[in-house]
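Return a 3D structure for these sequence lines:
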Amino acid sequence: MSLFHDQPEWYYLGPLFGITVAAMYAVSNKPLGATGFYAQLTDKLLGRPMKEAWRLWYLLGVMLGGMSGAWISGNVGPASYYGKLGDLLTLPALIPILFIGGVLMGIGARSAGGCTSGHGLCGTSTLSPGSIVSTIVFFGVAVIVTWILNLVTGGTL
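The predicted structure follows:
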């Protein structure tokens, strides 16, 4: 019997996210977004001065937390399954799609001034009009793309 379920219930994680966002604002008056640490890591690797070096600790904590969760649940090791898309495409065909998708998401997140977690969790909690609009657009586009993929693939993807 595993210590963790496949996915924790929303009523545990929702309040935990809320407390984490509020604690972050209380401690540093900064939003807790996922793209900020990538920007800081890029600055560090390119030799530019880092404005918020603490975000590298955040990155380390996310990585160690994920590895700890995998270790506790017994799912340690590289993943080679990517859901239905992985069933339809070979790994050599999947790699460029995942890479290009990741690059496009990164560009979009930086262009929007943050990622879905930054806007959805932090921006909307501070009633930022830009974050509210961004979150509506993120979710709206996700629903439309999912609907189109379902229509095009006959529900197989």
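
from here on, contacts and neighbour counts on C-alpha atoms
Fine.

contact partners of the lengthiest helix in the chain?
Ranked by number of residues, the top helix in the chain under DSSP state H is helix 129-153. By C-alpha atoms under 8 Å, 6 or more residues apart in numbering, the residues outside helix 129-153 that reach it are 112, 116, 119-120, 123-124, 155-157.

Where does the record place the domain boundaries for the chain?
Following automatic domain parsing, the chain resolves into domains at 1-77, 82-157.

Pick out the shakiest of those, pLDDT-wise.
Mean pLDDT values for the domains of the chain show the minimum at domain 1-77, a mean of 80.

now that domain, how far from the chain's geometric center?
Domain 1-77 sits 10 Å away from the centroid of its parent chain (C-alpha atoms, centre = their mean, to the nearest Å).

Make a markdown table from the domains of the chain and add mean neighbour count to it.
A markdown table is the format used below for the domains of the chain (neighbours: other C-alpha atoms under 10 Å):
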| stretch | mean neighbour count |
| --- | --- |
| domain 1-77 | 13 |
| domain 82-157 | 14 |
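
where along this structure do the helices fall?
Using DSSP H, the helices found in the chain span residues 10-28, 35-45, 54-73, 83-88, 91-111, 116-117, 124-125, 129-153.

The third one packs against which elements?
Yep, that's helix 54-73 we're talking about. helix 35-45 (3 or more C-alpha pairs under 8 Å, 6 or more residues apart in numbering; DSSP states H and E).

Can you list the neighbours in contact with the helix it packs on?
49-53, 55-56, 58-59, 106, 109-110, 114-115, 118.

Which of these lies at the shortest distance from residue 16?
Distance to residue 16, by C-alpha to C-alpha, is smallest for residue 118 among the contacts of helix 35-45, at 15.4 Å.
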